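Enquirer: For reference, the sequence and a predicted model appear below.
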Number of protein chains: 2
Amino acid sequence: MPTSPAPAPAPAPVLTPAARELIVSHGGRITRIRVAVVEALLGGEQPLNHDEIAATLTAAGVAHDRVTLYRALDWLLEHGLARRIAGEERAGRFEIVRAQGHQHAHFHCAHCGQVICLEDLSPTTAAALPAGFQLERAELVLHGACAACGKKQP
Amino acid sequence: MPTSPAPAPAPAPVLTPAARELIVSHGGRITRIRVAVVEALLGGEQPLNHDEIAATLTAAGVAHDRVTLYRALDWLLEHGLARRIAGEERAGRFEIVRAQGHQHAHFHCAHCGQVICLEDLSPTTAAALPAGFQLERAELVLHGACAACGKKQP
DNA sequence: GAGGCAAGTGCAACAATGTAGCGTTTGCGC
DNA sequence: GCGCAAACGCTACATTGTTGCACTTGCCTC
């Protein structure tokens, strides 16, 4: 991540109680870590990897353990609050499920490593599955250069 | 590795020189490991992960080092001979590129862990990319239950 | 508000997967 | 056969994720 010289870039780390509500509505306890993780994911426009989430928590002054973070994310996945995106990179990325059942594709920029949600593009898969196969979920990841990187390296 | 009392040289692990030709045609040296890896990938119907490739080599009596295997696979990727499939699992899977430019989807069975090529299903992506984005490659992975597992656990 | 208890957290250790450095071996052009 | 770069094998290390266990805390009940 490039250092941002601006002194006050992120003053409001999502003020709504959305995070708490999400957790409670899924029968979970309200804890520091859980709330902070959900807020980080809600606040980040794009899917975040484990490291980025950890950095966000640290920036927000929320002390945390690596393992606890994994367990918080596990809980979110288990309760359908978050989704994991596999992609090319070694570490998985996580995003908040904003609408149950809605699926969208992701774009992975090979140059800057950014992963971007393509809300308009939904994996079309309907046909072509061999007989007997049951589809639960489809994941479509596009690879290439994002607009910014495409300009720099044509 | 189990000692093989049988004097006969195993049940023929791909006899064609296809592997050698593939390697030579890409300007590579013919080496034990490289040939064995390509043959393993050619012989395996489905994409194999690192562990499975290693097991295949061992079964074929080809001694090898973990690192060397990684490097052989790197070489194949670098020269477009093989493709890496990310998927859900921790370890990546590899498959031989049978036709340059041809792309197909993969099905990952959540129960048995198998990954199956869906030759008929090609990731349709054309439209919907934001302006300025350059697409290099699309990866479509479906998740669910394969025919065998679907029957066992309906 | 105090007490109790299961869920959540933190720490240490470990497993799996992948990389880097470096000395030795080997394929292949001459 | 000879020389040399490419490939190999070994050790060590980095990253990502998991397990076990003791301690802490959120939340329910009284």
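Expert: Sure, I can see it.
Enquirer: Need the contact partners of stretch A:35-53.
Expert: A:13-14, A:18-20, A:22-23, A:56-57, A:60, A:62, A:64, A:69-70, A:72-73, A:76, A:81-82, A:85, A:89, A:91-96, A:106, A:114-117 (C-beta atoms under 8 Å, 6 or more residues apart in numbering or on different chains). Using the backbone N, CA and C atoms, a C-beta is placed for each residue, glycine as well.
Enquirer: How about it and DNA strand D, any contact?
Expert: Yes: interface with DNA strand D: stretch A:35-53 contributes A:Asn49, A:His50, A:Asp51 (C-beta under 7 Å from any atom of the strand).
Enquirer: Same question for stretch A:77-95: list its buried residues.
Expert: In terms of neighbour count (16 or more other C-beta atoms under 10 Å in any protein chain shown), stretch A:77-95 has its buried residues at A:Leu81, A:Ala82, A:Arg83, A:Arg84, A:Ile85, A:Ala86, A:Gly87, A:Gly92, A:Arg93, A:Phe94, A:Glu95.
Enquirer: hmm, back to that, could you dump the residues of stretch A:35-53 next to DNA strand D into a markdown table and include pLDDT and neighbour count?
Expert: Shown next, in a markdown table, are the residues of stretch A:35-53 next to DNA strand D (pLDDT from 0 to 100; neighbours: other C-beta atoms under 10 Å in any protein chain shown):
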| residue | pLDDT | neighbour count |
| --- | --- | --- |
| A:Asn49 | 93 | 18 |
| A:His50 | 95 | 15 |
| A:Asp51 | 94 | 12 |
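Enquirer: for these, which one is nearest DNA strand D?
Expert: Each of those was checked against DNA strand D using C-beta to the nearest atom of the strand; the closest is A:His50, at 4.2 Å.
Enquirer: Just the ones of the residues of stretch A:35-53 next to DNA strand D in strands?
Expert: Using DSSP state E, the members of the residues of stretch A:35-53 next to DNA strand D that fall in strands are A:Asn49.
Enquirer: any idea how far the residue of chain A most remote from its centre lies from B:Cys146?
Expert: Here chain A reaches farthest from its C-alpha mean at A:Ala131, the gap being 33.2 Å by C-alpha atoms, centre = their mean. Counting by C-beta to C-beta, to the nearest Å, the gap from A:Ala131 to B:Cys146 is 11 Å.
Enquirer: and what of A:Thr56?
Expert: According to C-beta to C-beta, A:Thr56 and B:Cys146 sit 38 Å apart.
Enquirer: remind me which residues of chain A are low pLDDT?
Expert: A:1-17, A:122-128, A:152-154 (pLDDT under 70).
Enquirer: Go again with 50.
Expert: A:1-16 (pLDDT under 50).
Enquirer: does the strand ranked longest in it come close to chain B?
Expert: Across chain A, the longest stretch assigned as strand under DSSP E is strand A:134-145. Yes: against chain B, strand A:134-145 shows contacts by C-beta under 8 Å from any C-beta of the partner chain at A:Gln134, A:Leu135, A:Glu136, A:Arg137, A:Ala138, A:Glu139, A:Leu140, A:Val141, A:Leu142, A:His143, A:Gly144, A:Ala145.
Enquirer: circling back: mind giving me the ChimeraX select for the contacts of stretch A:35-53, buried ones only?
Expert: In ChimeraX syntax, the buried subset of the contacts of stretch A:35-53 is picked out as below (16+ other C-beta under 10 Å):
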select /A:14,19,22,23,56,57,62,64,69,72,73,76,81,82,85,92,93,94,95,96,106,115,116,117
